[in-house]
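Peer 1: One predicted model, sequence on top.
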Amino acid sequence: MDSLTLLITVLALGLLIYGPWQRQCEDWGRQQLFEIRDSIFNLAADGRIGFDDPRYRTIRDSINTLIRFMHECTWPRLIYLTLFFRWGRHLGLNRTLLEKAVNDIDEPELKRIINEKIYRMGYVVLVVVIWRSPFLLAVAVLVNFLLRILSFVEAIASFASAAKGRIYLTSFSIAHRDAECFEGSLSRVAA
């Protein structure tokens, strides 16, 4: 009976993870990318970059491509693309069109804003890839837990170190005050 319950539970989790959970992750990622695309559209609407500017079109097309193919974002593909572009640079191949479009922007503030949006896009893709993979999700939860424990231990060690210093200073000042009182009482006795 226990093995049947385990089998049903594993099957249900598998159906949940590889069914509606995948769609939910894709939908979240697409929504985030829509918001990024809207913010870049607002930059163009404010006149910071032209709608007919090739750089704007390249950036918009890159976002649209990610939105369209969000369901194809998996960790093996992400690793493959990362290695491919890294090796391509070593072989002297050109930068991606997106990198070139952003680097061609002359206004430093606009370039900074758009770079932030592009880094946000990368973050969204990475989160979707991690959330869609049960293995990576388990590793991410474990790493997050360990980092929180290390942060907690570091905070306790810092507090203990600061408290130790205060205890030492307090003990020193009490001993110093007691020594002064003792010297004062000795001088009164001697006089």
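Peer 2: Great, that's in hand. Numbers count the residues shown, from 1 in each chain.
Peer 1: What distance do you get for residue 141 to residue 37?
Peer 2: Residue 141 is 30 Å from residue 37, where distance means C-beta to C-beta, to the nearest Å. All C-beta spots, glycine's among them, are computed from the backbone N, C-alpha and C.
Peer 1: Which residue of those two possesses the greater neighbour count?
Peer 2: residue 37 (19 against 11; other C-beta atoms under 10 Å).
Peer 1: What residues does that one make contact with?
Peer 2: 60, 63, 64, 67 (C-beta atoms under 8 Å, 6 or more residues apart in numbering).
Peer 1: mind redoing it with 6 Å?
Peer 2: The neighbours of residue 37, taking C-beta atoms under 6 Å, 6 or more residues apart in numbering as the test, are residue 63.
Peer 1: What strand or helix carries it?
Peer 2: Element membership for residue 37, per DSSP states H and E: helix 20-45.
Peer 1: moving C-terminal of that helix, what's the next helix or strand?
Peer 2: Per DSSP H and E, the first helix or strand lying C-terminal to helix 20-45 is helix 54-68.
Peer 1: thinking again about what came up before, buried stuff in the helix holding residue 37?
Peer 2: Neighbour counts over helix 20-45 (16 or more other C-beta atoms under 10 Å) mark 21, 25, 26, 29, 30, 32, 33, 36, 37, 40, 43, 44 as buried.
Peer 1: can you redo the residues you listed as a markdown table with pLDDT and distance to residue 150?
Peer 2: Output for those, formatted as a markdown table (pLDDT from 0 to 100; distance: C-beta to C-beta, whole Å):
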| residue | pLDDT | distance to residue 150 |
| --- | --- | --- |
| 21 | 87 | 29 |
| 25 | 90 | 28 |
| 26 | 92 | 33 |
| 29 | 94 | 29 |
| 30 | 94 | 34 |
| 32 | 95 | 29 |
| 33 | 94 | 33 |
| 36 | 95 | 32 |
| 37 | 95 | 37 |
| 40 | 93 | 37 |
| 43 | 93 | 39 |
| 44 | 93 | 44 |
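Peer 1: Out of the residues you listed, which comes closest to residue 73?
Peer 2: Nearest to residue 73, judged by C-beta to C-beta, of the buried residues of helix 20-45 is residue 29 at 7.3 Å.
Peer 1: give the contact list for the closest one.
Peer 2: For residue 29, the contacting residues are 70, 124, 128, by C-beta under 6 Å, 6+ apart.
Peer 1: Quick one: end-to-end distance for stretch 82-98.
Peer 2: The straight-line separation of the ends of stretch 82-98 (C-alpha to C-alpha, to the nearest Å) is 15 Å.
Peer 1: can you give me the mean pLDDT across it?
Peer 2: Average pLDDT, stretch 82-98: 65.
Peer 1: Equivalent analysis for stretch 4-14, please.
Peer 2: Averaging pLDDT along stretch 4-14 gives 86.
Peer 1: how far does that stretch sit from the chain's center?
Peer 2: Chain-centre distance of stretch 4-14: 33 Å, with C-alpha atoms, centre = their mean, to the nearest Å.
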